[in-house]
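Enquirer: let me see the structure of the following:
(one chain, ligands or ions: 1)
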Amino acid sequence: MYATKVSDRVYMLDTYGLGQPSTVSVYLVKGPKPTLVDCGYASSYESVLRGLAEVGVMPTDVRYVIPTHVHLDHAGAAGRLLKEMPNAQVLAHEKGAPHLVDPTRLIESSTKVFGSAIMELYGLPEPIPQDRITAVREEASLDLGDGLSATLIHTPGHAPHQISVVLDRTKAMFTADAVGIVYPGMKALIPTTPPPSFNPTELVATIGTIRQTKPSELLVPHFGARKDVDWVFDRTAELVQRWVDEVKGLWKRGMSLEEVTEAMKGEVARDAGTVDLPIYAQISIRTSVMGIINYLEKTA
Ligand SMILES: [Zn+2]
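Expert: The predicted structure is shown next:
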């Protein structure tokens with residue numbers, strides 16, 4: 001099964017990123033103008049098509065595709081999916097749009113971070129024709145028909161060009177990676193602080209901005225719908241700050257990336273009350289540590 005109904009109009013589609021369930025989700029708003037929020041890795045685009053089929057939406061019905069930011073787990077499949085969705089327009093932040101049109105630099109920088117073996121698992125993003133993209137800035141509203149509408153909000157920090165999406169009527173918020181990684185049933189949160197452009201000040205400010213929209217629930221890409229909105233916001237802001245301070249301390253003592261990663265894995269495992277963290281969580285922790293180190297080096 002790929003699709004789970006979250007509420008009246010909203011479905012979560014599990015992309016089975018890297019073959020694993022419950023790691024990377026995308027969301028569908030099913031209305032007169034079906035809208036896909038996020039796309040998953042290029043290598044898992046077929047999961048998205050299967051999810052759409054399960055809920056009875058034809059790819060040709062899809063009207064909007066919103067990759068919340070250009071990272072490969074969110075926008076990787078966009079180019080491939082658009083080939084199946086001739087009636088869809090892409091909405092993306094103006095700073096991200098050029099990377100969707102020409103992913104060359106994005107592929108280069110991602111390969112530097114993850115290595116070419118992992119890039120092969122992720123799959124490479126395909127270019128999107130410029131005329132299929134509408135660029136947005138600080139805020140934009142979107143009419144989805146039948147009284148449904150959404151607001152796109154710029155949410156920098158995780159990436160400078162990230163946007164989150166709120167459904168105006170229900171206040172359900174598609175957070176993108178503005179909030180940390182949360183797993184269903186796991187009492188731990190992993191800050192989403194990857195290279196190359198994580199900025200802790202902006203990330204914490206973004207939490208303040210999106211809190212003001214008073215979301216009724218959070219639709220988190222990694223992973224699932226959360227009603228404990230305040231806990232997720234509070235914990236994200238608190239842990240981003242704490243991880244930056246702790247990683248800074250360990251890094252200054254001369255620890256390697258792997259050693260710092262092990263230390264942070266220990267903390268997450270303690271919060272989660274388990275010694276066995278899922279492999280996806282372990283990869284995410286390493287990526288977040290890399291992002292913090294990268295930020296510390298840039299600002300040193
Ligand atoms: Zn992500």
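Enquirer: ok, now which ones touch the nearest residue to Met255 once chain neighbours are set aside?
Expert: Excluding the flanking residues, the one nearest Met255 by Cβ to Cβ, 6 or more residues apart in numbering is Ala263, at 7.4 Å. Just so you know, the C-beta spots here come from the backbone N, C-alpha and C atoms, and that holds for glycine as well. Residues near Ala263 by Cβ atoms under 8 Å, 6 or more residues apart in numbering: Glu246, Leu250, Met255.
Enquirer: which pLDDT value goes with Ala263?
Expert: Looking at Ala263, its pLDDT stands at 97.
Enquirer: am I right that it is in a helix?
Expert: Yes. With DSSP: H, G, I helix; E, B strand; the rest coil as the criterion, Ala263 is assigned to a helix.
Enquirer: quick revisit: which among the contacts of Ala263 count as buried?
Expert: Applying a neighbour-count criterion of 16 or more other Cβ atoms under 10 Å, the buried members of the contacts of Ala263 are Glu246, Leu250.
Enquirer: including pLDDT, could the contacts of Ala263 go into TSV?
Expert: Shown next, in TSV, are these (pLDDT from 0 to 100):
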residue	pLDDT
Glu246	98
Leu250	97
Met255	97
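Enquirer: and the contacts of Ala263, which is closest to the ion?
Expert: The shortest gap between the ion and any of the contacts of Ala263 belongs to Glu246, at 22.0 Å (Cβ to the ion).
Enquirer: which other helices and strands contact the helix or strand hosting that closest one?
Expert: In the assignment (DSSP states H and E), Glu246 maps to helix 229-252. Under the contact definition 3 or more Cβ pairs under 8 Å, 6 or more residues apart in numbering; DSSP states H and E, helix 229-252 sits against strand 189-190, helix 200-211, strand 217-220, helix 257-272, helix 279-299.
Enquirer: residues in contact with that helix?
Expert: Among residues not part of helix 229-252, those counted as contacts by Cβ under 8 Å, 6+ apart are 178-180, 182, 189-191, 193, 200, 203-204, 207, 210-211, 215-218, 220, 226, 259-260, 263-264, 267, 288-289, 292-293, 295-296.
Enquirer: give me the buried positions along it.
Expert: For helix 229-252, by 16+ other Cβ under 10 Å, it's 229, 232-233, 235-237, 239-240, 243-244, 246-248, 250-251.
Enquirer: residues touching the residue in the stretch 201-300 of the chain that the ion sits nearest to, list them.
Expert: Closest to the ion within the stretch 201-300 of the chain is Pro221: 5.2 Å, counting by Cβ to the ion. Going by Cβ under 8 Å, 6+ apart, Pro221 touches Val24, Ser25, Val26, Asp38, Thr68, Asp73, His74, Thr175, Ala176, Asp177.
Enquirer: so which of the buried residues of helix 229-252 are also by the ion?
Expert: Among these, not one lies near the ion by Cβ under 5 Å from the ion.
Enquirer: count the neighbours of whichever residue of the stretch 151-300 of the chain sits closest to the ion for me.
Expert: Taking Cβ to the ion, the ion has its nearest neighbour within the stretch 151-300 of the chain at Asp177, 4.5 Å off. For Asp177, the number of neighbouring residues by other Cβ atoms under 10 Å comes to 28.
Enquirer: that one belongs to a strand?
Expert: No. Assigned with three-state DSSP, Asp177 falls outside any strand and is helix.
Enquirer: what residues are up against it?
Expert: Contacts of Asp177 by Cβ under 8 Å, 6+ apart are Thr68, His69, His71, His74, His158, Ala159, Gln162, Thr192, Pro221, His222.
Enquirer: the last one contacts Thr23, correct?
Expert: Just to be clear, that refers to His222. Yes. Applying Cβ atoms under 8 Å, one finds His222 in contact with Thr23, separated by 6.4 Å.
Enquirer: which one's more surrounded, these two?
Expert: Thr23 (26 against 22).
Enquirer: show me what contacts that one?
Expert: The contact partners of Thr23, taken as Cβ under 8 Å, 6+ apart, are Tyr16, Gly17, His222, Phe223, Pro278, Tyr280.
Enquirer: up against the ion, what does the stretch 151-300 of the chain have?
Expert: Residues of the stretch 151-300 of the chain lying near the ion (Cβ under 5 Å from the ion): Asp177.
Enquirer: thank you, goodbye.
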